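Asks: Structure, please.
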Amino acid sequence: MTDLSGAVPAIASALARRGYETLTPVQQAMLDPGLATADALVSAQTGSGKTVAFGIAMARTLLSEEERFGRAGAPLALVIAPTRELALQVKRELDWLFADAGAVIAAGVGGMDIRNERRALERGSHIVVGTPGRICDHIRREALDLSALRVAVLDEADEMLDLGFREDLEFILDAAPQTRRTLMFSATVPASIAKLAKSYQRDAVRITTQAETRQHVDIEYRALLVTPSDRENAIVNVLRYYEAANAIVFCATRAAVNHLTARLSNRNFSVVALSGELSQNERTHALQAMRDGRARVCIATDVAARGIDLPGLELVIHADLPTNSETLLHRSGRTGRAGRKGVSALVVPVNQRRKAERLLAGAAVEPVWANAPSADAVNARDEERLFSDPVFSETARSEEEQGLIDRLAARFDASTLAAAFVALHRGRQSAPEDIAEVSLTPARKPRETASGDPASRPLTPRGDFGPAVWFSLSVGRKQRAEPRWLIPTLCRNGGLTKQEIGAIKMQADETFVEISADHAERFLEKLGKDRMMERGIRVTRLDAVPDFRNFSRGTDEDGFTRREGPRMDKPWKEKPGKEKPGKDGPRQDAAWKDGSWKDKPRRELPAQDRPAKAAVDRDADARRMDDAVWGSPKPKAGPRKAETQRAGAAETPGKPYRKTGDRPGGGKLRGKPSAKRG
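Replies: Below you'll find the model as predicted:
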């Protein structure tokens, strides 16, 4: 029998009727008499029953010595959650928890009809559950009166701050009475949460459950290595291998959710989607379909990673790796809740293994590295489930069923009946996929020094690559060469695989590639006598390993090559002591006073870039002819007069008249003549 001696009678009866035999550590902590009126900052891992915990804590403040609530008016308690799904889930939990106490619970959730919510608030309520944005809207429109508020609860406070709700939370707490009781529940307590608690709580009691020190002890983590092309096939096989009552598959984007939903639906999985592009009504129906068994697989973005509680969720699949370790823990926390066991499977393409290792290390989780279930493994697991099916231990329930069994046995032999049974059994399931086996050994061995520090050793290119031959390619950074297209080009033209290509050293106009010695001759044979690849890339075999210290690493802004060591001085650079004066005034050194800075040699263009003398003379002759016809330009002496001379008028002495006629070099002069050269 559960010890609920510290709980309000109405809450204790609701818990007993719900079948609560034991309370989680965080729920048991809320029964402490010393917390009856105190603020609390509670940190507990995901799935530890925090909703029931703050329901127990609120009840003593709201009911005091009463057994039931009185007439509903201004709300006495406010619960704020980060997402719509979590807010509605909290409301459902509080509905049965406070049912015996006669509580009226209203919701204020974004995406729902605000008019219905406003009418519910006008009728009166004891507890309001909502999201920060919608609660702020109701307060600003004076539909929500917080003057009688006794308790404010912030559920998943760290997530609300991560989503940018700090200003909304401060606005709500400032609008509530200063005498209220403030309870903050969070999976972690970073500095931002501690600062918020210090500003809006009075002598808060810090509660940390023992389970917080161990991450998800009821969850089995499995990292499944696959080739990138087998990622979706691996998801199908994982779902078929475990055949979980409820499973959730996490994707990184909405487009990935839509694609995977269509793929699994075509494979005969009962699947629903959950992402931010769906309306609140569609998201509610998707979760309800998972709860009542109409769907068994939910494809979701990280919008479902926080607070969503799906009864019987046994499997979490990370189709796309999460962005950080915290998201990994919250995704995985959808299973293994309230003492139940669960599996969290990460589908890891071989080219993302290091990222997966960093995420798991940051989450302090040690997974089991394995290959994704093969088709044979799935079929063997199906056979185990078939032989252990309870249907073989059941007897006929009625005379009608027994009569049908006798007729089937008389018409068909045992082998035929068994074959029909297996066909019907497998017809309801999706066939598994063939998956290529991947080596579980890391591609590179850990780099360690004598001191054992992996980071102290400099990075070396493919130290375990083995004997190799170096080749030079006539393409470099200036030609925008990149390994992402250079490697496939080498494979196509030289008959190579990625494993036979070693280090790649890219220079400004040249690229050096290391190729396995066993495949060097075949590589040259594939290229032919001209040793050319596509895009006009010429390949040259090198007899020795290039000394990369003497090669350039690119070009500077002036077009000169950057080399290791000091840069060579340019011949036209000013020598020390002969710089020109700066903008701040004349330089007060000897070079400026005696004018020696003017002796700086003039920069000469290379001979190939100098214009030919004939072209220079031709340009000079053209300029002299223009000056002879139109007059040489003279500096302006003053403002130009408003009036201009008309055609045929007497010319002004000293000012050339622009006549209409043929311009030297061809072309008629058009437009109004001007008294001055324009």
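
Asks: Where do the strands of the stretch 1-150 of the chain begin and end?
Replies: Along the stretch 1-150 of the chain, the segments classed as strands by DSSP state E, counting those that start in this stretch run 40-43, 77-80, 105-108, 127-130.

Asks: and the last one, what does it pack onto?
Replies: Yep, that's strand 127-130 we're talking about. strand 77-80, helix 84-97, strand 105-108 (3 or more CB pairs under 8 Å, 6 or more residues apart in numbering; DSSP states H and E). In short, each C-beta sits where N, CA and C put it, glycine included.

Asks: closest to residue 232 out of the ones you listed?
Replies: Closest to residue 232 of these, according to CB to CB: helix 84-97, at 26.1 Å.

Asks: residues making contact with the closest one?
Replies: 11, 14-15, 18, 51-52, 55, 79, 81, 103, 105, 107, 109-112, 127, 129-131, 155-156, 280, 283-284, 287, 303-304, 306-309 (CB atoms under 8 Å, 6 or more residues apart in numbering).

Asks: and residue 352, backbone torsions?
Replies: Taking degrees, to the nearest 10, you get phi -120, psi 20 for the backbone angles of residue 352.

Asks: For the nearest residue to it once chain neighbours are set aside, the count of nearby residues, please.
Replies: The shortest distance from residue 352 to any residue other than its chain neighbours is 6.0 Å, reached at residue 321 (CB to CB, 6 or more residues apart in numbering). Residue 321 has 18 neighbours, counted by other CB atoms under 10 Å.

Asks: Please apply the same query to the one 3 residues further on.
Replies: Neighbour count of residue 324, defined by other CB under 10 Å: 12.

Asks: Convert the C-alpha atoms of the helix or strand hosting residue 261 to CSV, please.
Replies: Assessed by DSSP states H and E, residue 261 sits inside helix 254-266. Taking C-alpha atoms only, helix 254-266 is exported to CSV below (Å, rounded to 0.1, in the frame of the first residue of the first chain):
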residue,chain,number,x,y,z
ARG,A,254,9.6,18.7,-41.5
ALA,A,255,10.4,17.5,-45.1
ALA,A,256,12.1,14.4,-43.6
VAL,A,257,9.0,13.7,-41.5
ASN,A,258,6.8,13.9,-44.6
HIS,A,259,9.1,11.7,-46.7
LEU,A,260,9.5,9.0,-44.0
THR,A,261,5.8,9.0,-43.2
ALA,A,262,4.9,8.3,-46.8
ARG,A,263,7.6,5.6,-47.0
LEU,A,264,6.5,3.7,-43.9
SER,A,265,2.8,4.1,-44.8
ASN,A,266,3.5,2.4,-48.1
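
Asks: before we move on, back to that, got the contact list for the residue nearest to residue 352?
Replies: By CB under 8 Å, 6+ apart, the contact list for residue 321 reads 346, 348, 352, 355-356, 359.

Asks: Where does the prediction get shaky in the stretch 101-250 of the chain?
Replies: Applying pLDDT under 70 to the stretch 101-250 of the chain flags the ranges 209-217.

Asks: With the chain instead?
Replies: Per-residue confidence for the chain (pLDDT under 70) gives these ranges: 1-5, 45-47, 209-217, 304-309, 337-339, 395-397, 442-465, 548-678.

Asks: mind giving me the domain split of it?
Replies: Under the assignment automatic domain parsing, the domains of the chain span 9-213, 219-381, 464-550.

Asks: hang on, the earlier thing: from the contacts of residue 321, which single one is nearest residue 525?
Replies: When the contacts of residue 321 are compared for distance to residue 525 (CB to CB), residue 352 wins out at 35.3 Å.

Asks: how many neighbours does the closest one have?
Replies: With other CB under 10 Å as criterion, residue 352 counts 17.

Asks: Name the nearest residue to residue 278, ignoring sequence neighbours.
Replies: residue 286 (7.3 Å).

Asks: quick one, what contacts the one you found?
Replies: Counted by CB under 8 Å, 6+ apart, residue 286 has contacts 272-274, 278, 295, 298.

Asks: So it: helix, strand or coil?
Replies: Counting by DSSP: H, G, I helix; E, B strand; the rest coil, the backbone at residue 286 sits in helix.
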